[in-house]
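[1] Okay, here's the prediction I keep looking at, along with the sequence it came from:
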Amino acid sequence: MRVTETSDQWWKTAVFYCLHVDTYYDSNGDGVGDLGGLAERIDYLAELGVTCIWLMPIYPTPGRDDGYDVTDFYGIDPRVGHHGQFVEIIRTAKDRGLRVIVDAVINHTSDQHPWFKAARRSVDNPFHDYYVWRSDTPPDTSDQVAFPDVENSIWAKDEKLGQWYLHHFYSYQPDLNVANPKVRDEIDRMLGFWLQLGVDGFRMDAVPYFVDDVETRAESKDHPEVPADPHQHLRDLRAFVNRRKGNAMLLGEVNVPHDQQLKYFGGQAGDELHMMFDFIGMQNVYLSMARRDVRPLAAALVDRPPIHPTCQWATFLRNHDELTLDKLTDEERQEVFAAFGPEPQEQIYGRGLKRRLPTMLGGDPRRIRMAYSLLFTLPGTPTLFYGEEIGMGEDLAAEGRMAVRTPMQWTSGRNGGFSTARPSRLVQRLTPGGYGPEHVNVADQRRDPDSLWSFMHKLIRAYRACPELGWGQFEVLEQPHHQVLAHRSFTDEASVVALHNFGPEPVTVELTLAQGCVDLVDLLGLDDLSTDDQGRVTVALEGYGFLWLRVHPPGTARLP
């Protein structure tokens, strides 16, 4: 790997920052965040050091699922702004060296979308085939619903037509029929439209439901031109996106077991998703933190399938949804619940948590910083959810996943600096209690060299200086302490070793890192080390301590 190669596949060394325009910054005082407000915060994001902004849905919507129930794939919700402001954001972001990706909700629409309104008028309507219907009474599908506390079937009956339509999510979100080539053309057209406006890619929502849906494939009997391989749809999408914009990328929400993951990257060809979230790694981070034993995480990382050089894992500790633990066993899930969310109001769907990391860790700054240090050294591309950089908490009184989508906390003043509107008019209540803006906000932390914000800024800078963390091979280093994860990311030219102590007690770790004596540069501090003439080094870690070491052999061109 040459350093100059990293610009070609920028997503492999990026730092993604997910935000919800509605809750980020309100520029006109109506209580709702907007594109004008985001424009005012572009410089803040550039200062923090992130390199790519991921925008949650900004499309017109009835607002029943926080924007994921879309009524116009080409529009912008008038509450947040218009296309002129969006283009200004793209230009301003690019001037600051930032890229922008947007959510692509391609699995379903709102039931208020013009397509679905037309589809339910008549079985002969041309738009009827844009969705998946059945005339016979569906079987029990309660085990297939995405939200078991709300829905008990993936089929809902349209009383006028006397038919059932497919919806893997809420009943007001009918699934699109991707077996219909007209639907695939519409999806291409939609992605092409946003690429033309200047976006750099898409976070693809609910990819397995789009690609490998048995009920949708059943409709292919009416479309003999549909490829037998359902993954051809995803290959076609990647090819289309990269024809329109060569360095655009697709980041997929794919929460499937390891043995199914590789096919979403396109197997050994690497011609489907460019990136995929590592849900299994994330879940095992929490299991390992709960046990103070790194072996579950180490096993999950080693078990990840090898992927094509153009593909990448997206690593994360928190996202905009529930913190799902669905890939853990029932017993493992209960361990995590007991450690980080034992109360029923802290759990959701029986499989996850509706809390943010700082509250789960009891506000312990040692554990919080260790967790984020770990995130930035895991093999892959780190993804942050807005507010993580200052340690925001959640509002457990908010419904479902909205608990972690509270307004951004800019200052300690009125409404946390998010809006000048009356508190009753805010799009959502601010985080209450000890994690509210009086205690946790950007303005205070940016000026404090010892704050979490300053620490995250340092992590981002260190990560960006180590492309081997995104490009290199990965190995877990052998050592006897189960509470310590020691791992190395390396290329032919460079190597970074990271150590993280998941336990509260100090520990001393001995490692063999080279063939002989080499310098070891402390990337987060000034305590540089060296190996002995046997290539060994002894490292002392405090409780919840961590260390990044760049192996710096003689003659290397890199600055220490």
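    Yep, it's here. Remember, predicted model here, so these are calculated numbers, not experimental data. Numbering: from 1, shown residues only.
[2] quick one: the helices in the stretch 401-550 of the chain?
    Along the stretch 401-550 of the chain, the stretches classed as helices by DSSP state H, counting those that start in this stretch are 442-446, 452-464, 468-471.
[3] swap in the stretch 101-250 of the chain?
    So, for the stretch 101-250 of the chain - with DSSP H, counting those that start in this stretch - the helices run 114-119, 181-196, 207-211, 214-218, 232-244.
[4] most tightly surrounded among these?
    Mean neighbour count, computed with mean count of other CB atoms under 10 Å, is highest for helix 207-211 among the helices of the stretch 101-250 of the chain, reaching a mean of 23. For glycine as for every other residue, the C-beta is placed from the backbone atoms N, C-alpha and C.
[5] distance between it and the chain's centre?
    17 Å (CA atoms, centre = their mean, to the nearest Å).
[6] Report the rounded mean pLDDT for that helix.
    The average pLDDT within helix 207-211 is 88.
[7] Please shift the residue numbers so they start at 51 in all later answers.
    Got it, first residue is 51 now, which makes that one helix 257-261.
[8] From the rest of the structure, what touches it?
    For helix 257-261, contacts defined as CB atoms under 8 Å, 6 or more residues apart in numbering pick out 156-157, 218, 225-226, 228, 254, 280-281, 283-284, 302-306, 314, 323.
[9] Quick check: chain neighbours aside, which residue is closest to Lys508?
    Nearest residue to Lys508 in three dimensions, chain neighbours excluded: Leu574, at 6.5 Å (CB to CB, 6 or more residues apart in numbering).
[10] any idea how far Tyr399 is from that neighbour?
    According to CB to CB, to the nearest Å, Leu574 and Tyr399 sit 37 Å apart.
[11] Could you do Gly316 as well?
    Note on Gly316: its distance to Tyr399, by CB to CB, is 30 Å.
[12] Same check on Ile418?
    25 Å.
[13] wait, Met386 sits on Lys377?
    Let me fix one detail, which is that residue 386 is Val and not Met. No. Contact criterion CB atoms under 8 Å: Val386 and Lys377 do not qualify, at 11.5 Å.
[14] list residues touching both of these two?
    What both Val386 and Lys377 touch, as defined by CB under 8 Å, 6+ apart, is the set Gln333.
[15] Worst mean pLDDT among the helices of the stretch 151-300 of the chain?
    Least confidently modelled of those is helix 264-268, at a mean of 61 by mean pLDDT.
[16] what's the burial count for Met560?
    One thing to correct before we go on: residue 560 is Glu, not Met. Using other CB atoms under 10 Å, Glu560 has 11 neighbouring residues.
[17] so what's it scoring on pLDDT?
    With respect to pLDDT, Glu560 scores 96.
[18] and the nearest residue to Ala493 once chain neighbours are set aside, what does it touch?
    Distances taken as CB to CB, 6+ apart place Thr461 nearest to Ala493, at 4.5 Å, with adjacent residues excluded. By CB under 8 Å, 6+ apart, the contact set of Thr461 is Gly467, Pro487, Asn491, Val492, Ala493.
[19] ok, 7 Å please
    When contacts are counted by CB atoms under 7 Å, 6 or more residues apart in numbering, Thr461 touches Gly467, Pro487, Asn491, Ala493.
[20] try Thr111
    Contact partners of Thr111, counting by CB under 7 Å, 6+ apart, are Gly117, Asp119, Val120, Thr121, Asp127, Ser160.
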